[in-house]
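A.B. asks: Pasting the sequence and the predicted model now:
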Amino acid sequence: MKRFHGLLAPAALAVAALGIIPNDMPARDLVFTPSTATFRNPERGFYGFGELTAGTNFNSVRSAGLTLCYAPLDLSAYRTVAIPQSKLNDITAAFANMRAAGVKGIIRIVYNQDSSGIDTSLVWIEAHLQQLQPILAENIDMIAFYQAGVIGAWGEWHSSSNGLDNPAGRAAVWSLLVQYLPGCRSIGVRTPTYVYELEGANLPLAEVDRFGSSGAARIAHHNDCWLSTTTDMGTYQSASDRNTWLGILENDTRFVPWGGETCPSFDTNDNPLPGARATCTTAISELATLHGTYLNYYYHQPTLDQLAGEASTEYPAGCLTEISMRLGYRIELSAARVPDEIRPGQNFTVGVDLRNVGFAPVYNPRPSLLLLLDDSGALIEEYTSLIDLQTLLPSGSATTYAESFVAPSTLPAGPYRLALFFPDQDEDLRSDSRYSIRLANVGLWNATTGRNTFATDIPGPGGTVTAVSGWAIE
């Protein structure tokens, strides 16, 4: 069973504001340079494709600069029989390959990979979910989130050969998914209408109910025909309906991942082409409203090419780079206040200003840690921080976190370094820097350790303050 890194009893005491630091603890203010680079970060961004089988080369996803992979689990060969052990073993091996590659999966169970809509009955859906549950639980560290799937063509909740594409069928399937898909991972369904059909009575969520295991806390929406037509190929009922839903979903998507893929419109001769909605102004606006977290990197290519090549006053070089940078979270360290000295056994206070310039917050929980390091970068002490990246919403202004920590009673000779560390929640991935969050600043990131080191010259007892070390892009 995968082990989750438990947060230690906090060694930190929160103080009210960055400026409240005891008079006997001199401090200095640091300011940091935002990065303009595009770079990988876990559980966000453009995603690749690879079926959940042992034969999939998940390394190609990572080498393309992606950390997410849409990984459908095709059960079309088992619509009326149990999943054989050989297939269950194959799924386990696929997760191991995904872990080795440094990516995470968007998991969707499908019984059909074409437009025919052949699926299976509720009896077999439940039987298969019961078989899959322990494997999914064992590999929950590799699951970014789920998509509901199961029903109809491509698992997109239409054209069901078993009559599941109606309110009663959808409700029955949803109940099984919430019951059997393990972990408090989000489950995306195909349209906002279905979101409210299934959980509208429980939405919007109260703050106390966020990030829970209930269906309402887990339900999300994915749009598999974004920017195509006025209705996004049936995602909405009309342009006015879309505007109504944008207003509703602006609130609902703050704490669950929203995304999907673009798809074409069609001319009078049924030729695919980028839709009229595929403009940078529309794309950026809707991604900001819907807190866009992920998009298909490969489809629909002409639509993505249009966004990349659009020439306009606002986006003279297109907007695909901006979209790539801002999908999901993008967290900048704006400023920090650090102590002039750290002494054995004494309190020291650290304040940081963090700003999320992405479209969305971090949607899965993870530890936030302050690390006290020696001058070589070796760990002296690890402190649990009060920083909560799940509630760090996109904003034009920074959020201040200021906390007091206790230095160990024995310390090696200074100077000391301070780093922010946001590893994966799963203990087995904790030391894998590919799954740690990189801050969007110049020179803070260490790709080997997964740490963001923001202070490098804090003296120990009897030391003197020197200039802040300069940063260099790794």
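C.D. replies: Looks like it came in fine. Since we're looking at a predicted model, the values are computed, not measured.

A.B. asks: who touches the nearest residue to residue 183 once chain neighbours are set aside in this structure?
C.D. replies: Residue nearest to residue 183 in three dimensions, not counting chain neighbours: residue 140, with 4.3 Å by C-beta to C-beta, 6 or more residues apart in numbering. For glycine as for every other residue, the C-beta is placed from the backbone atoms N, C-alpha and C. Neighbour list for residue 140: 2, 182-183, 185, 426 [criterion: C-beta atoms under 8 Å, 6 or more residues apart in numbering].

A.B. asks: Next up, phi/psi of residue 140, please.
C.D. replies: For residue 140, the backbone dihedrals (degrees, to the nearest 10) come out as phi -60, psi -20.

A.B. asks: what's the domain layout of the protein?
C.D. replies: 13-37+330-458, 45-326 (automatic domain parsing).

A.B. asks: With mean pLDDT added, can I get those in JSON lines?
C.D. replies: As requested, those are arranged in JSON lines below (pLDDT from 0 to 100):
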{"stretch": "domain 13-37+330-458", "mean pLDDT": "92"}
{"stretch": "domain 45-326", "mean pLDDT": "96"}
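
A.B. asks: Setting aside sequence neighbours, what's the nearest residue to residue 287?
C.D. replies: residue 359 is the one closest to residue 287 (C-beta to C-beta, 6+ apart), at 4.9 Å.

A.B. asks: First residue to last residue on stretch 380-398, what's the distance there?
C.D. replies: Terminal residues of stretch 380-398 lie 29 Å apart, using C-alpha to C-alpha, to the nearest Å.

A.B. asks: quick one: buried residues of it?
C.D. replies: Buried residues in stretch 380-398, counted by 16 or more other C-beta atoms under 10 Å: 380, 382-385, 387, 389-390, 392, 394, 398.

A.B. asks: And the furthest pair within the residues you listed?
C.D. replies: Pairwise distances across the buried residues of stretch 380-398 peak at 34.1 Å for 380 and 394 (criterion: C-beta to C-beta).

A.B. asks: between the buried residues of stretch 380-398, which is nearest residue 39?
C.D. replies: Distance to residue 39 across the buried residues of stretch 380-398 (C-beta to C-beta) is lowest for residue 389, with 16.9 Å.

A.B. asks: If we ignore the residues flanking it in sequence, what's nearest the closest one?
C.D. replies: Closest residue to residue 389 apart from its sequence neighbours, by C-beta to C-beta, 6+ apart: residue 362 at 4.0 Å.

A.B. asks: Now do the SS call for the one you found.
C.D. replies: Of the three states, residue 362 takes coil under DSSP: H, G, I helix; E, B strand; the rest coil.

A.B. asks: Quick check: phi and psi on it?
C.D. replies: When read as degrees, to the nearest 10, the backbone of residue 362 gives phi -70, psi 130.

A.B. asks: That one touches residue 393, doesn't it?
C.D. replies: No: assessed by C-beta atoms under 8 Å, residue 362 is found out of contact with residue 393, at 10.2 Å.

A.B. asks: Contact partners for the closest residue to residue 30 other than its chain neighbours?
C.D. replies: Once flanking residues are discounted, residue 30 sits nearest to residue 336: 4.6 Å by C-beta to C-beta, 6+ apart. Residue 336 makes contacts with 29-30, 32, 350-353, 454-455, as judged by C-beta under 8 Å, 6+ apart.

A.B. asks: Quickly find the element holding residue 325.
C.D. replies: helix 320-326 (DSSP states H and E).

A.B. asks: Run through the neighbouring helices and strands of that helix.
C.D. replies: Judged by 3 or more C-beta pairs under 8 Å, 6 or more residues apart in numbering; DSSP states H and E, helix 320-326 is in contact with helix 280-290, strand 292-296, helix 301-309.

A.B. asks: Name the surrounding residues that touch the last one.
C.D. replies: Around helix 301-309, the neighbours that count as contacts under C-beta under 8 Å, 6+ apart are 227-228, 262-264, 272-275, 278-280, 283, 297, 318-321, 323.

A.B. asks: I'd say residue 392 and residue 356 touch.
C.D. replies: Yes: shown here, residue 392 and residue 356 form a contact pair, counting by C-beta under 8 Å, at 4.9 Å.

A.B. asks: Just the CA trace of stretch 233-250, in CSV.
C.D. replies: Provided in CSV are the C-alpha atoms of stretch 233-250 (Å, rounded to 0.1, in the frame of the first residue of the first chain):
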residue,chain,number,x,y,z
MET,A,233,-20.7,20.6,-29.6
GLY,A,234,-23.5,20.2,-27.0
THR,A,235,-21.5,21.1,-23.9
TYR,A,236,-23.9,24.0,-23.6
GLN,A,237,-27.3,24.5,-25.0
SER,A,238,-26.7,27.9,-26.5
ALA,A,239,-24.5,31.0,-26.2
SER,A,240,-26.6,32.4,-23.5
ASP,A,241,-26.6,29.1,-21.7
ARG,A,242,-22.8,29.0,-21.9
ASN,A,243,-22.6,32.5,-20.3
THR,A,244,-24.9,31.4,-17.5
TRP,A,245,-22.8,28.4,-16.8
LEU,A,246,-19.6,30.4,-16.9
GLY,A,247,-21.0,32.5,-14.1
ILE,A,248,-21.9,29.4,-12.0
LEU,A,249,-18.7,27.5,-12.7
GLU,A,250,-16.4,30.4,-11.8
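
A.B. asks: May I see the buried residues of that stretch?
C.D. replies: For stretch 233-250, burial by neighbour count (16+ other C-beta under 10 Å) applies to 233, 235-236, 242, 245-246, 249.

A.B. asks: Stretch 435-455 too?
C.D. replies: Neighbour counts over stretch 435-455 (16+ other C-beta under 10 Å) mark 435-446, 449-455 as buried.

A.B. asks: ok, now which ones touch residue 252?
C.D. replies: 195, 203-205, 221.

A.B. asks: any idea how far residue 171 is from it?
C.D. replies: Residue 252 sits 19 Å away from residue 171, going by C-beta to C-beta, to the nearest Å.
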